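In: Structure for the following, please:
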Amino acid sequence: MDGTLVDTEVLWWETTTEVASGLGYALSDADAGEVVGRAVSDTAAHLVRAAAGVPDLSAVADALTAGFFRRVEAGAPLRPGARRLLASLERHRVPFALVSASPRVVVDSVVEGALADVPFAFTLSADDTVRTKPHPDPYAAAAARFGAAPAACVAVEDSPDGTASAEAAGCGVLVVPSLLPVPRSPARVFAASLEEVDLGVLRGCATVDGRVPVSD
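Out: Predicted structure coming up:
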């Protein structure tokens, strides 16, 4: 969702900057790996470590969730090519779901707002599995709900953590980077934008029968 379908990674960065400032810590590019694409709990833990003398992890996590939700509620624009690709999936009756590391309250806000007309089969948030990205749990759970092998599923991701999650679950992965670069590997297919992606590209990412695609 964040950074892939909707342009919310900037909103998450703004939220984290605001919360960090309130803790007396100045966020910088050096913190990007602990913020972009990370779950609330991971970023909160990073801020607690970075801001000496701040022991209340739950309060920091709550502040991050509230700030992010407030910004998302104000409007989350779609990423280029997202609406066309989603419409194509719907038109060709390809089932698709939303798998996010954001809290349920944020996922619901986006799905009821910017993505209100999109017929997702279901949505999974960080609250729906014991572990979220970069662990395989979210994508493994999504494949199970589809009744499909992970190798028959393709995940579209923008971040290192999301990509690692999908890959660990055994899904094919199409990477469309947003704020952070994603390391290349033979199992990952890359596109500069969703505007370059169609059903043929997605089919080429599947790892069914052990066939792993080779990236350009």
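In: Just read off the phi/psi values of the residue of the chain positioned farthest from its centre.
Out: Most distant from the centre of the chain: Gly53, at 30.7 Å, with distances by CA atoms, centre = their mean. The phi/psi pair for Gly53 (degrees, to the nearest 10) reads phi 80, psi 20.
In: now for stretch 131-142, what's the gap between its first and last residues?
Out: 13 Å (CA to CA, to the nearest Å).
In: Rounded mean pLDDT for it, please.
Out: Mean pLDDT, stretch 131-142: 96.
In: which outside residues touch it?
Out: Outside stretch 131-142, the residues that touch it by CB atoms under 8 Å, 6 or more residues apart in numbering are 37, 39, 97, 99-101, 122, 124, 126, 128-130, 150, 153, 155, 159-162, 164-166, 168-171. (Glycine included, C-beta is placed from N, CA and C.)
In: Could you measure from the residue farthest from the centre of the chain over to Leu23?
Out: Plainly put, Gly53 is 9 Å away from Leu23 if you go by CB to CB, to the nearest Å.
In: coming back round to it: and the pLDDT for the residue farthest from the centre of the chain?
Out: 74.
In: for Ser178, same thing?
Out: Value for Ser178, per-residue pLDDT: 87.
In: nearest residue to it other than its sequence neighbours?
Out: Nearest non-adjacent residue to Ser178, counting by CB to CB, 6 or more residues apart in numbering: Gly3, 3.7 Å away.
In: pLDDT value on that neighbour, please?
Out: At Gly3, pLDDT is 90.
In: what's the helix ranked longest in the chain in contact with?
Out: For the chain, the helix with the greatest residue count under DSSP state H is helix 57-74. With CB under 8 Å, 6+ apart as the test, helix 57-74 has contacts from 8, 11-12, 14-16, 18-19, 22-23, 40-41, 43-45, 47-48, 54, 102-103, 105-106, 109-110, 113.
In: Can I get it as CSV, trimmed to CA atoms?
Out: What follows is helix 57-74, C-alpha atoms only, in CSV (Å, rounded to 0.1, in the frame of the first residue of the first chain):
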residue,chain,number,x,y,z
LEU,A,57,7.8,2.5,23.6
SER,A,58,4.0,2.3,23.5
ALA,A,59,3.5,6.0,23.8
VAL,A,60,5.9,6.6,20.9
ALA,A,61,4.1,4.0,18.8
ASP,A,62,0.7,5.6,19.6
ALA,A,63,2.0,9.0,18.6
LEU,A,64,3.3,7.6,15.3
THR,A,65,0.0,5.9,14.5
ALA,A,66,-2.1,9.0,15.4
GLY,A,67,0.1,11.3,13.4
PHE,A,68,0.2,9.1,10.3
PHE,A,69,-3.6,8.5,10.5
ARG,A,70,-4.2,12.2,10.7
ARG,A,71,-2.1,12.8,7.5
VAL,A,72,-3.6,9.9,5.6
GLU,A,73,-7.1,11.1,6.5
ALA,A,74,-6.3,14.5,4.9
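In: buried stuff in the helix or strand following that helix?
Out: Counting by DSSP states H and E, the next helix or strand C-terminal to helix 57-74 is helix 82-91. Across helix 82-91, burial judged by 16 or more other CB atoms under 10 Å covers Ala82, Arg83, Leu85, Leu86, Leu89.
In: wait, isn't the fourth one in contact with Val118?
Out: Yes: counting by CB atoms under 8 Å, Leu86 sits close enough to Val118 to count as a contact (5.3 Å).
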